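> I'll drop the sequence and a predicted model, then ask my questions.
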Amino acid sequence: MKTFLIATNAAATVLPLPVFAQDAPPPTEPARPAETPRPPHISPIYMGITGGTLGVGPELSYAINRYVGLRGNITFLDISHSFDSGGLPYQGQAHLGSGGLMLDFRPFGGGFFISGGARLNRNKLRANSNFNGVVVVDGVTYTSSRTGTLMGYANFPSVAPTLTFGYAGTLRRGIKVGIEAGAMFMGAGRVYPFTATGMNVSESRLEAQRAGLQRVMDHYEVYPILQLTAGYRF
């Protein structure tokens, strides 16, 4: 009987254990680290508009990597300006038109860049002199009725190297603005022989006018570049 009581008490102690084990919450898996969100995709292609001393026109660029990119644009602009040459007043019209391809180098991988390239130069200059009254040219007195209208024409070498530097940054997602300064090494323009609608101007006097304008053009072999750009990077 004593042995039976001991066994009964031992069973009463052991049997509830499985019950408590069933009521315990199941083991939980360790929490996984949160995934880092991927940065938004930024296309290497940029399209915009540039405007400045070269003119106004479209611009397109492609970022090869963080440090190097290709950029091209086409610009147009017409400018009128009055000036004197060889004793005669002229009204000049400059027709600016060029297209360029540049290699952009970003030494710090940011917005600052240095660019080198070349432009297909189609800049032209026309000059007309149709004064009213009397003028003395090379010691000879002319009236407007004798000279009529004097006309000159000049163009420039077809290819011009360029070197610029600048900065381009993003205002907000996709919107990009920049500024660029430098020079186009276009060489001196070539002034062609003058013509006149009047019948009383000798060839030597016309050549003197052409030579005078050529001397002026010879001082402007480097054309300054200052451009602003704005556009969208897809």
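Cool, the structure landed. Numbers count the residues shown, from 1 in each chain.

> CA only for contacts and neighbour counts going forward, please
Will do.

> do you know how far Leu120 is from Ala181?
Distance, Leu120 to Ala181, using C-alpha to C-alpha, to the nearest Å: 18 Å.

> now Ala168
12 Å.

> and the residue nearest to Leu213 when sequence neighbours are not counted, bridged to which residues?
Closest residue to Leu213 apart from its sequence neighbours, by C-alpha to C-alpha, 6 or more residues apart in numbering: Ser85 at 6.1 Å. For Ser85, the beta-bridge partners are Leu88 (DSSP bridges).

> Tell me, how many residues neighbour Ser85?
As a burial measure, the neighbour count of Ser85 was computed by other C-alpha atoms under 10 Å and equals 17.

> so it makes contact with Ala211?
No. Here Ser85 lies out of contact with Ala211, judged by C-alpha atoms under 8 Å, at a distance of 9.7 Å.

> list the helices and strands the helix ranked longest in the chain packs on?
In the chain, assigned by DSSP state H, the helix with the most residues is helix 203-217. Based on contacts counted as 3 or more C-alpha pairs under 8 Å, 6 or more residues apart in numbering; DSSP states H and E, the elements that helix 203-217 packs against are strand 68-85, strand 190-191.

> run the last query once more with 10 Å
Contact analysis of helix 203-217 by 3 or more C-alpha pairs under 10 Å, 6 or more residues apart in numbering; DSSP states H and E lists strand 68-85, strand 134-137, strand 150-155, strand 190-191, strand 195-196 as its packing neighbours.

> Can you check what angle separates the longest one from helix 203-217?
What that stands for is strand 68-85. Going by axes from the mean of the first three to the mean of the last three C-alpha atoms, to 10 degrees, strand 68-85 is angled at 140 degrees with respect to helix 203-217.

> for strand 68-85, packing partners?
Counting contacts by 3+ C-alpha pairs under 10 Å, 6+ apart, strand 68-85 is packed against strand 45-52, strand 55-63, strand 88-105, strand 112-121, strand 124-129, helix 203-217.

> Only the buried residues of that strand, if you could.
Along strand 68-85, the positions that meet the burial threshold by neighbour count (16 or more other C-alpha atoms under 10 Å) are 68-77, 85.

> could you dump the helices and strands packed on strand 68-85 to TSV with distance to Gln227, mean pLDDT and mean neighbour count?
As requested, the helices and strands packed on strand 68-85 are arranged in TSV below (distance: least, C-alpha to C-alpha, whole Å; pLDDT from 0 to 100; neighbours: other C-alpha atoms under 10 Å):
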stretch	distance to Gln227	mean pLDDT	mean neighbour count
strand 45-52	4	95	19
strand 55-63	8	96	19
strand 88-105	13	91	19
strand 112-121	13	96	19
strand 124-129	20	87	20
helix 203-217	23	84	17
